[in-house]
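[1] predicted model and sequence follow; I will ask about them next.
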Amino acid sequence: MDDRKTALMKEKVNELIEAPTCCEEARAAAKAWLEACGTDKEADALNALIAELKEDIVTVDGLIAFAESEAGASVFGGAEAAKGVAAHGREIKAAGAKYCDCPACKAVEAILVICG
């Protein structure tokens, strides 16, 4: 990665780490990559980060399905709130979104684009 790309990558990785919707596994992989930057372990850490992020990113269809489930109602603070999340998911899908637009998924999507 060139310096500009690395700087952008670090910015997005830090956004991911700070995202309240980031899972612990993604946060740990992101921190490991930051720690490995500039070392001989950087490539392996990047591969591990990308693999983790590909597992974690939520498609917009996945967001809608989760929001419409009992587990989604529990996570989103009740059935009415979950209905709102599902409706939001349908709105962003209609606008062309492929992935959830929570802070973590937005950062993940940007990281995956940077890494090609």
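    That came through fine.
[2] right, and Ile64 touches Arg90 too?
    Yes: with contact defined as Cβ atoms under 8 Å, Ile64 reaches Arg90; the gap is 6.2 Å. Every C-beta, even on glycine, is put in place using the N, C-alpha and C of the backbone.
[3] more neighbours, these two?
    More crowded of Ile64 and Arg90, by other Cβ atoms under 10 Å: Ile64, with 21 against 15.
[4] state the distance from the residue of the chain most remote from its centre to Trp33.
    Relative to the centre of the chain, the most outlying C-alpha is that of Asp40, 25.8 Å out, by Cα atoms, centre = their mean. Separation of Asp40 from Trp33 (Cβ to Cβ, to the nearest Å) stands at 14 Å.
[5] what pLDDT does the residue positioned nearest the centre of the chain get?
    Ranked by distance to the mean C-alpha position of the chain (Cα atoms, centre = their mean), the top residue is Cys105 at 2.8 Å. Per-residue confidence at Cys105 stands at 97 (pLDDT).
[6] what helix or strand is it on?
    In this assignment (DSSP states H and E), Cys105 forms part of helix 103-115.
[7] so what does that helix touch, helix or strand wise?
    helix 3-18, helix 42-56 (3 or more Cβ pairs under 8 Å, 6 or more residues apart in numbering; DSSP states H and E).
[8] name the nearest residue to Ala26, sequence neighbours excluded.
    Asp56 (5.0 Å; Cβ to Cβ, 6 or more residues apart in numbering).
[9] I'd say the one you found and Glu24 touch.
    No: with contact defined as Cβ under 8 Å, Asp56 does not reach Glu24; the gap is 10.5 Å.
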